[in-house]
Structure formats: structure tokens, C-alpha cells
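Trainee: pasting the sequence and the predicted model now:
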Amino acid sequence: MRAIVVSESGGPEVLVPGERPDPVPGPGEVLVDVAASGVNFIDVYYRTGAYAQPLPYVPGVEGAGTVAAVGGGVGDVAVGDRVAWSNVQGSYAQKAVVPVDKVVPVPDGVGLDDAAAALLQGLTAHYLTRSVHEVKPGDTVLVHAAAGGMGLLLTQVSKAAGARVIGTASTPEKKRTARDAGADEVLDYDGFADRVRELTGGEGVAVVYDGVGAPTFDGSLASLRRRGVLALYGAAGGKVPPFDPQRLNAAGSLFLTRPTLAHYTATRDELLERAADVYGWIVSGTLRLHIGKRYDLADAAAAHADLEARRTTGKLLLVP
């Protein structure tokens with residue numbers, strides 16, 4: 001099969017296309033013919049070595065496709081089923097072996113490209129807006145990188161919950177994309193905290209969804225209302241340096257959390273419930289997916305380079 005292999009940590013150039021033996025599912029696993037693989041910033045963290053990963057490996061933690069074979073002991077998934085998965089390495093390939101407890105069914109009405117594009121970021125948007133801070137009617141929320149794959153989903157889910165959404169974006173095109181997704185206001189990054197205060201009559205926002213990290217961290221804290229929540233779910237712009245927790249007290253008894261998807265899909269039931277909601281939002285029209293670009297599997301390095309350089313909007317996919 002065709003696959004991308006990473007043999008050393010480094011830049012996008014370490015994503016090397018090649019041929020690998022077809023994998024065989026073991027007990028409790030399924031073999032999937034991959035229709036599409038999602039490209040996510042967590043893939044960059046693994047590629048650079050920021051997150052530990054034994055070498056060599058086939059990258060990609062998200063995908064969707066059709067079950068081609070099942071291993072022993074698999075009873076609730078059958079050959080021919082359409083499934084998707086996240087948080088499992090090996091998706092940058094024509095075939096992937098996935099633990100059966102990590103796959104979710106793809107319902108009728110959701111294409112496999114959309115299933116791959118929506119799952120990891122959709123599950124993340126779900127837990128951020130339903131569990132980390134439950135967005136309610138009347139809330140004002142701040143979404144950084146509002147034209148990115150995560151930002152577009154967070155914007156739409158927050159609007160569907162009745163919130164007012166303020167976004168940030170870096171270019172006029174990205175601002176238009178964020179507004180098209182429902183953002184009420186879209187700001188430049190420079191001076192965004194002051195503008196947030198102006199737009200909220202000095203009060204601040206209930207929650208900031210920040211996947212950027214170091215460049216936005218201080219402004220995110222300064223944008224929060226009393227007892228507001230900073231959900232720091234990523235660090236695309238760099239790690240936040242250590243800071244004094246006393247700042248949270250002085251700024252209004254703020255809450256800071258650094259959540260991760262695995263802890264919010266820790267049980268099979270929780271994973272299935274969240275995934276069913278995400279795909280249900282797509283079927284109902286609550287979520288409109290924006291697939292920014294599809295790349296051939298062999299062009300994985302170009303996809304990473306574009307993602308890191310912030311040349312993209314929406315979700316990026318690899319097609320084997």
C-alpha cells in the first residue's frame with residue numbers, strides 16, 4: 001500500500017511517501033480502506049517531536065473509510081461498514097488498522113470526506129462547548145483563528161447554542177470566511193483584548209477558545225469576564241511559558257484549563273455519544289463543513305507546510 005512514513009523528527013520534508021506491506025488486523029482490530037485522512041496540528045506536534053512518538057511511524061490520527069477485514073473477537077463492526085476514527089496513528093495511508101473501540105459509525109447522509117473532516121475537530125468542538133464550558137444563550141465567546149477548521153466549527157456550534165461569537169483572523173479573506181460561518185464580529189489579532197472589552201461594554205467574554213497559544217495567551221486572559229474560562233486547547237503559535245497562577249486571582253478569579261480530547265472521550269459510550277451529535281449536526285445542517293483543500297497522499301509535506309504557514313482556511317484532507 002501507499003503510505004507516508006516518518007523516520008526522523010523534523011520539518012515537513014520528513015513526511016516521505018513510500019510503499020508499505022498491507023497491514024493485517026489483529027484481535028479487536030479492523031482493517032479499513034481509507035477514503036480520506038484529516039490533517040491536524042497534532043500531526044505537526046508528533047512530526048516535530050514535540051509529542052513523543054516511536055520512530056519510524058505512519059502519521060495521521062484521523063480518517064474515514066470502509067471496513068475491509070475484521071480481526072478476532074470483533075462482533076459489532078462488519079466488512080463493508082462505513083466508519084471513522086480519531087486519536088489513532090496510521091491514517092496517512094491507503095489502509096489503516098484501527099482498534100474497534102476507536103471507530104464510530106458514519107451515518108447515511110454523511111460522506112466519507114465529511115466524516116474524516118469533521119470527527120477530530122467536531123469532537124473537540126463538542127467537548128469544549130458542552131463540557132469545558134457549556135455555552136448558553138446570552139453568552140459572548142471569543143474564538144481565536146475563527147477561519148480555521150476548529151474555529152469554524154466552534155463558531156457554528158456556539159451560535160447554535162445561542163451565543164454571540166467574536167472571532168479573530170489575520171486576513172480579509174479569513175475574516176469573510178469566519179463571518180460566513182456566523183461570527184458576529186471578527187477582529188485583528190493586534191489589540192484584540194481592548195476591542196473585546198469595547199464590544200462587551202467592559203465586561204469581557206464568558207469563555208475564550210484559544211488554540212493559538214503563546215501569541216494570544218495574555219490577551220485571552222485580558223478578554224475574560226469575572227470567573228471566565230480560558231480553554232487553551234492547542235498551541236499552534238507556540239507553547240505558553242510558565243506563569244504565576246496569582247494572575248488568575250487578580251484578573252477576576254479566572255479559570256484556565258488545558259484540555260485534551262482523549263480525556264473527554266475516555267469511555268466508548270462518551271465517544272459514541274459525542275460522535276453521534278457531531279454527525280447529527282451535519283445531517284441537520286447545524287454544521288456546514290468547509291474543506292479548504294484536498295491533497296494527494298504523496299503531497300502530505302505540502303499540506304503540513306501550508307497548515308503551519310497559516311495559508312489555509314477550513315479543514316485539510318489527504319486523499320490516498
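Mentor: Looks like it came in fine. Numbering: from 1, shown residues only.
Trainee: helix, strand or coil for the residue nearest to residue 222 when sequence neighbours are not counted?
Mentor: Excluding the flanking residues, the one nearest residue 222 by Cβ to Cβ, 6 or more residues apart in numbering is residue 193, at 4.0 Å. In short, each C-beta sits where N, CA and C put it, glycine included. Here residue 193 is recorded as helix under DSSP: H, G, I helix; E, B strand; the rest coil.
Trainee: got the contact list for residue 193?
Mentor: Applying Cβ atoms under 8 Å, 6 or more residues apart in numbering to residue 193 gives the contacts 218, 219, 220, 222, 223.
Trainee: pull the number of nearby residues for residue 249.
Mentor: The number of residues packed near residue 249 is 10, by other Cβ atoms under 10 Å.
Trainee: quick check: neighbours of the longest strand anywhere in the chain in the sheet, parallel or antiparallel?
Mentor: Taking DSSP state E as the criterion, the chain has its longest strand at strand 29-39. Here strand 29-39 is paired, per DSSP bridges, with strand 62-70 (antiparallel), strand 95-99 (antiparallel), strand 315-319 (antiparallel).
Trainee: give me the contact list for the last one.
Mentor: What that stands for is strand 315-319. For strand 315-319, the external contacting residues (Cβ under 8 Å, 6+ apart) are 35-39, 60, 92, 113, 116-118, 121, 149, 289-297, 299-300, 303, 306-307.
Trainee: quick one: buried residues of it?
Mentor: Judged by neighbour count (16 or more other Cβ atoms under 10 Å), strand 315-319 contains these buried residues: 315, 316, 317, 318.
Trainee: quick one: the helices in the stretch 1-150 of the chain?
Mentor: Assigned by DSSP state H, counting those that start in this stretch, the stretch 1-150 of the chain shows helices spanning 41-48, 112-127, 149-160.
Trainee: also the stretch 151-300 of the chain?
Mentor: All helices of the stretch 151-300 of the chain, identified by DSSP H, counting those that start in this stretch, fall at 172-180, 192-199, 214-222, 246-250, 261-264, 268-284, 300-308.
Trainee: and the fifth one, which residues are buried?
Mentor: For helix 261-264, the neighbour count (16+ other Cβ under 10 Å) marks 261, 264 as buried.
Trainee: equivalent analysis for stretch 297-311, please.
Mentor: In terms of neighbour count (16+ other Cβ under 10 Å), stretch 297-311 has its buried residues at 297, 299, 300, 301, 303, 304, 306, 307, 308.
Trainee: gap between it and the chain center?
Mentor: Relative to its chain's centre, stretch 297-311 lies at 16 Å (Cα atoms, centre = their mean, to the nearest Å).
Trainee: same question for stretch 97-116.
Mentor: Here stretch 97-116 is found 16 Å from its chain centre; the criterion is Cα atoms, centre = their mean.
Trainee: check contacts around residue 34.
Mentor: Residues near residue 34 by Cβ under 8 Å, 6+ apart: 63, 64, 65, 91, 93, 94, 95, 96, 320.
Trainee: save the residues you listed as JSON lines, and put in distance to residue 256, neighbour count and pLDDT too.
Mentor: Below are the contacts of residue 34 laid out as JSON lines (distance: Cβ to Cβ, whole Å; neighbours: other Cβ atoms under 10 Å; pLDDT from 0 to 100):
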{"residue": "63", "distance to residue 256": "32", "neighbour count": "31", "pLDDT": "98"}
{"residue": "64", "distance to residue 256": "34", "neighbour count": "30", "pLDDT": "98"}
{"residue": "65", "distance to residue 256": "38", "neighbour count": "29", "pLDDT": "98"}
{"residue": "91", "distance to residue 256": "31", "neighbour count": "30", "pLDDT": "98"}
{"residue": "93", "distance to residue 256": "37", "neighbour count": "25", "pLDDT": "98"}
{"residue": "94", "distance to residue 256": "42", "neighbour count": "18", "pLDDT": "98"}
{"residue": "95", "distance to residue 256": "41", "neighbour count": "22", "pLDDT": "98"}
{"residue": "96", "distance to residue 256": "36", "neighbour count": "28", "pLDDT": "98"}
{"residue": "320", "distance to residue 256": "40", "neighbour count": "22", "pLDDT": "95"}
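Trainee: closest one of these to residue 105?
Mentor: In terms of Cβ to Cβ, no member of those lies closer to residue 105 than residue 64, at 10.7 Å.
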